[in-house]
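Q: sequence? don't have it. structure:
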C-alpha cells in the first residue's frame, strides 16, 4: 500500500485471448490491496471484469467486440500467409488504424474520473498516446514475451529463434530485427497522424510508442524468457499473471476414479485461429495411446467441428489450473497463458504454433528440453510419435519440472503490485503539490473539455 493511501488505477486492454486474463489478474490483486480499479476493454469482457470487483468501461469510438469468438472477430489473421502479415492486419484494422479512437475514448474516461496511474496494453498505441497527450502517468504492459526489439540480446520476435550463439546467429538476428522494424514502420505515418491530432510530435519508429510510458512491464517470468543479464532502465519483469478465465466452467472429471491412465490435456487458442484441423489430428494421434484425454475448446471451436475418440472427453471449457494438476502432458498452440500454466504444473508440452507470439513461446520450451514443437502441417503419425516420446522419455518431464519450479519461485514474489505501488509513490513525491497529474492541458483538436 502507498502509505495509508489507496491508488486509483485505470487498466486498458482489448479482447484478444491472452490480452485479457493478465489484466483481470492484476485488477484482482490490486483490489485485494485496497486500490480502486477500472478496466477499459471490449464489451465482451464486461462480466469477467466485474466478477473480480473492478469497474468496467467499454470502448465506444474504438472497436468493442460484443462477444467472444469468430463471429465477432474483425482481425482475421488466420487468413494471412504468415505471422508478420497477420500483425500488419492488426496494425491496419486496430492498433494504428484506430489509434485516434482509442485515444479519444481513454481521454473521455480520464475526464470523467482521473486516475493516479494507467496501465496500458502494449498493443494499444492509441490508448498510450491518449495518456501521453494528457501527461497522464502510465506504464505499458506486455502480456507475454515482448514483441518489440527494445531489449538487447533477446532474439527478434516472430520466427521463434533461440539465443544467438555465434557471429552468424547475431548477424541473422540483426537482419531479422532490421526487416521487422522496417515492416512495422510502413505504418508509422498513420500513427504519427493520430499523434498529431492530439498535439503530439512525430515518432521516428513505430515501436517508439511503447517506450513513451514511464515503464515497460513484461508479464512473464525471467526464468521463462531469454532474459539478458542487463535490462534497459525502463524495462522490468513482473511475473506471469495466470488466473484462470472466469468464464471457464466448473470441472468434474468424466473418467472413473480408478482410471490410472496418464492424463493429457489439449488446450488450444481461446480466439479463433482456424485450428479445428490440427485439433482433430491431435485427438486422432492420441486415440491409439493408453491415455485419458481432455480437450478444452475455449469457445473458439464449435463442438461439431471435432470428433472425440473413445479415450477423449471434449468440453467447452475448464479451469486449466484445476485440470492440469493431474496431467502428465499438455498439448497446446503455444499461447502464453496455457503454456505457462502447464509449466507451473510441471507438465511437458507438445506445441504446434499457429502464429502471433506462439513460435517464440515454443522455442523457450524446446530450448530448455521441456517439450517438443511441430508445425501445423504435421500428420497424425508424426504427432503420435512426438506424443509417445513426451510420455515415455523421463527427461522431458524432468526438464519441465525444473523450469516450472523456477517459474513458481519467481511468481511467488508477487512483483506486479509492489512495482505499481512503488512507481505511483515515486510519481506522487515528484509531482508539484499544486498539480494533480490529471490536470493537464487537453490534446489539440481533441474535442474534449478540460479535465475538472
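A: Nice, thanks for sending it over. Just so it is clear, the model here is predicted, and its values are computed rather than measured.
Q: Measure how buried residue 335 is and give me the count.
A: By the criterion of other Cβ atoms under 10 Å, residue 335 has 26 neighbours. For glycine as for every other residue, the C-beta is placed from the backbone atoms N, C-alpha and C.
Q: contacting residues for it?
A: Taking Cβ atoms under 8 Å, 6 or more residues apart in numbering, we find residue 335 in contact with 17-18, 268-270, 357-358, 361.
Q: Helices of the stretch 151-300 of the chain, residue ranges please.
A: 167-184, 188-197, 276-286 (DSSP state H, counting those that start in this stretch).
Q: helices and strands around the host helix or strand of residue 107, which ones?
A: Per DSSP states H and E: residue 107 is located in helix 99-112. When contacts are defined as 3 or more Cβ pairs under 8 Å, 6 or more residues apart in numbering; DSSP states H and E, helix 99-112 sits against strand 8-12, strand 36-41, helix 125-134, helix 188-197.
Q: Let's see that with 6 Å instead.
A: Judged by 3 or more Cβ pairs under 6 Å, 6 or more residues apart in numbering; DSSP states H and E, the packing partners of helix 99-112 are helix 125-134, helix 188-197.
Q: mind giving me a markdown table with those helices and columns for mean pLDDT?
A: Putting the helices and strands packed on helix 99-112 into a markdown table (pLDDT from 0 to 100) gives the following:
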| stretch | mean pLDDT |
| --- | --- |
| helix 125-134 | 97 |
| helix 188-197 | 98 |
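Q: Out of these, which is the most enclosed?
A: helix 125-134 (a mean of 28; mean count of other Cβ atoms under 10 Å).
Q: who does the following helix or strand past it pair up with?
A: Heading C-terminal from helix 125-134, the first helix or strand you meet, by DSSP H and E, is strand 138-142. Sheet pairing of strand 138-142 (DSSP bridges) gives strand 117-121 (parallel), strand 216-218 (parallel).
Q: Please identify which of the helices of the stretch 151-300 of the chain is closest to residue 315.
A: Nearest of the helices of the stretch 151-300 of the chain to residue 315, taken as Cβ to Cβ: helix 276-286 at 13.0 Å.
Q: For that closest one, which helices and strands make contact with it?
A: Partner elements for helix 276-286 (3+ Cβ pairs under 6 Å, 6+ apart): helix 380-392.
Q: Point out where the stretch 151-300 of the chain drops to low pLDDT.
A: Residues of the stretch 151-300 of the chain that meet the criterion pLDDT under 70 lie in 247, 272-273.
Q: Tell me which stretches of it form strands.
A: Counting by DSSP state E, counting those that start in this stretch, the stretch 151-300 of the chain has strands at residues 216-218, 235-237, 263-267, 292-296.
Q: between the third one and strand 292-296, how many degrees?
A: Read that as strand 263-267. Orientation of strand 263-267 against strand 292-296 (axes from the mean of the first three to the mean of the last three Cα atoms, to 10 degrees) gives an angle of 20 degrees.
Q: Other residues contacting strand 263-267?
A: If you take Cβ atoms under 6 Å, 6 or more residues apart in numbering as the criterion, strand 263-267 is touched by 282, 286, 291-296, 323-324, 326-332, 338.
Q: and it, how far out from the chain's middle?
A: 21 Å (Cα atoms, centre = their mean, to the nearest Å).
Q: In the sheet, which strands lie alongside that strand, parallel or antiparallel?
A: In the sheet, strand 263-267 lines up against strand 292-296 (parallel), strand 327-332 (parallel) (DSSP bridges).
Q: buried residues in it?
A: By 16 or more other Cβ atoms under 10 Å, the buried positions in strand 263-267 come out as 263-267.
Q: before we move on, what about stretch 385-392?
A: In stretch 385-392, counting by 16+ other Cβ under 10 Å, buried: 386-387, 390-391.
Q: So for it, mean pLDDT?
A: In this model, stretch 385-392 has an average pLDDT of 98.
Q: looking at it, residue 327 is touching residue 347, isn't it?
A: Yes - using Cβ atoms under 6 Å, residue 327 is in contact with residue 347, at 5.1 Å.
Q: Between those two, which has more neighbouring residues?
A: residue 347 (29 against 21).
Q: how does the chain divide into domains?
A: 8-239+413-430, 263-410 (automatic domain parsing).
Q: and the end-to-end length of stretch 57-77?
A: With Cα to Cα, to the nearest Å applied, stretch 57-77 spans 26 Å between its terminal residues.
Q: What score does the spatially most central residue of the chain have for pLDDT?
A: Using Cα atoms, centre = their mean, the residue of the chain that lies closest to the mean C-alpha position is residue 143, 3.4 Å off. Listed pLDDT for residue 143 reads 94.
Q: just residue 65 next, same as before
A: 89.
Q: tally of neighbours for the spatially closest residue to residue 59 that is not a sequence neighbour?
A: Using Cβ to Cβ, 6 or more residues apart in numbering and skipping the chain neighbours, the partner closest in space to residue 59 is residue 105 (5.3 Å). A count of nearby residues for residue 105, using other Cβ under 10 Å, gives 23.
Q: circling back: any chance of the strands paired with strand 263-267 in a markdown table, plus distance to residue 134?
A: Output for the strands paired with strand 263-267, formatted as a markdown table (distance: least, Cβ to Cβ, whole Å):
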| stretch | distance to residue 134 |
| --- | --- |
| strand 292-296 | 41 |
| strand 327-332 | 40 |
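Q: Any idea which of those gets closest to residue 314?
A: Comparing the strands paired with strand 263-267 by Cβ to Cβ, strand 292-296 comes nearest, at 4.6 Å.
Q: and the closest one with helix 276-286, angle?
A: In terms of direction (the same axes, to 10 degrees), strand 292-296 departs from helix 276-286 by 170 degrees.
Q: Give me the sheet partners of the helix or strand just after strand 292-296 and which way each runs.
A: Later in the chain than strand 292-296, the nearest helix or strand by DSSP H and E is strand 312-315. Here strand 312-315 has these sheet partners by DSSP bridges: strand 292-296 (parallel).
Q: Please point out which parts of the partner strand sit buried.
A: Buried, per 16+ other Cβ under 10 Å, within strand 292-296: 292-296.
Q: Touching it from outside, list them.
A: The contact list for strand 292-296, computed with Cβ under 6 Å, 6+ apart, reads 255, 261, 263-267, 286, 311-315, 317-318, 323.
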